[in-house]
Every structure is written in C-alpha cells, then in structure tokens.
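*Asks:* what follows is a predicted protein model with its sequence.
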Amino acid sequence: MKTLFATALLLASWAQAQTLQPQGAEIVFVSKQMGVPVEGRFKSFKLDRFSFDPKKPEAAQMALTVQMKSAGVGTPEVDAELVKPEWFDVARHPEARFVASQVKAVGAGRYEVQGQFSLKGQTRPLALQLALTQAGGSSTASGSFTLKRSEWQIGSGEWADTSIVANEVLVRFKFPFSGMAPL
C-alpha cells in the first residue's frame, strides 16, 4: 500500500511545472558491430514540450527534437561517417523528431507512449515505454525503444549488410526534471 501511495504522490507532482535539467539528460543508441555492442549518444536535443497530468495521461503532450549532427560514438572516424548520406544524411535531414499522440497508463509509474517519429525524411508510428521515477527533489522520465535501421535507410550501401552492423538499434533516453514536489 505504501508503494501505491508513493506512486500516487509522484504522479500528482507531474501536474506541477516540469523543468528539464540538462545535466543528466541523455539519448543513447546501442548497435552491434560484428556482434560487439557499440554505444553512441546524441549530444544536442530539445524537449520541446512535456506536460503530464497523471489524472489524465491521455491529455499528455510530449515533443522532442534531436540534432542529428550531434551523434557520436567517441571515435572521430566513426563520428565523421554518421553524418554522411549512408547513415543520417545530416545535410538533408538535420533533425529527428518525436511527437506523442497517445499516452496510456500500463502500471504504477509506467506508460506506453505512441506517436509519430520522423527520421531521415520518413515519418512513421512509434511506440515506446516510459517510466516516471523520483529521487530526492527531482523526477526522471526514462525509457527505450528499438529501431530497425534498414527500415530507415540508416547504414545503406556497403553498410546495409546486417551481419556487419546489426539491424536492431536500441535507443534509451533519460530526462531528469526539477520543480517536482518531493515524496
């Protein structure tokens, strides 16, 4: 019962002002190259809109824009490849964008978010799982989803072979917020 009460208090706090804290915010992508996980990050993104009332999750508003040129794995040669047409084609498609259209509760502090995801000139439906947690005076929205890079023409040409770079790419995100009432 205590957990249910704590979750209710946490969710109630999301109806208050929500201010994204850049420190600790992250969007990470993990792919496998020849079976070895390779982790990268998008260093520049903006949560354009995030409003959430736990009493009405269906009224939530979420929109995120990612600057694709900010992608990097920490290796200069690979980072230089990611902006090229075979990968993210940053010159023609500088941003990726997700706009939520439906949010529904699936458990204590957990939600399924559906919306439209735009990447490399294509827009498609995308569903992701979102968890809301609180520690101290801050709250965090985190979750993940998996993309198949071949469906988005990411890693085309000589990189299309999924035995070299796996087709599935895990994308994880974490957005800490302040301005929440402590539990």
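*Replies:* Yes, it's here.

*Asks:* show me what contacts the residue nearest the centre of the chain?
*Replies:* Taking C-alpha atoms, centre = their mean, the centroid of the chain lies closest to Phe173, which sits 4.2 Å from it. Neighbour list for Phe173: 26-28, 141-144 [criterion: C-beta atoms under 8 Å, 6 or more residues apart in numbering]. Using the backbone N, CA and C atoms, a C-beta is placed for each residue, glycine as well.

*Asks:* where along this structure do the strands fall?
*Replies:* Taking DSSP state E as the criterion, the chain contains strands spanning 19-20, 26-33, 36-42, 45-51, 61-67, 71-72, 95-107, 110-119, 122-135, 138-148, 168-178.

*Asks:* what packs against the third one?
*Replies:* Spelled out, that is strand 36-42. Using 3 or more C-beta pairs under 8 Å, 6 or more residues apart in numbering; DSSP states H and E, the elements in contact with strand 36-42 are strand 26-33, strand 71-72.

*Asks:* for Ala127, find the nearest of these.
*Replies:* strand 26-33 (17.1 Å; C-beta to C-beta).

*Asks:* run the chain-centre distance for the closest one.
*Replies:* 11 Å (C-alpha atoms, centre = their mean, to the nearest Å).
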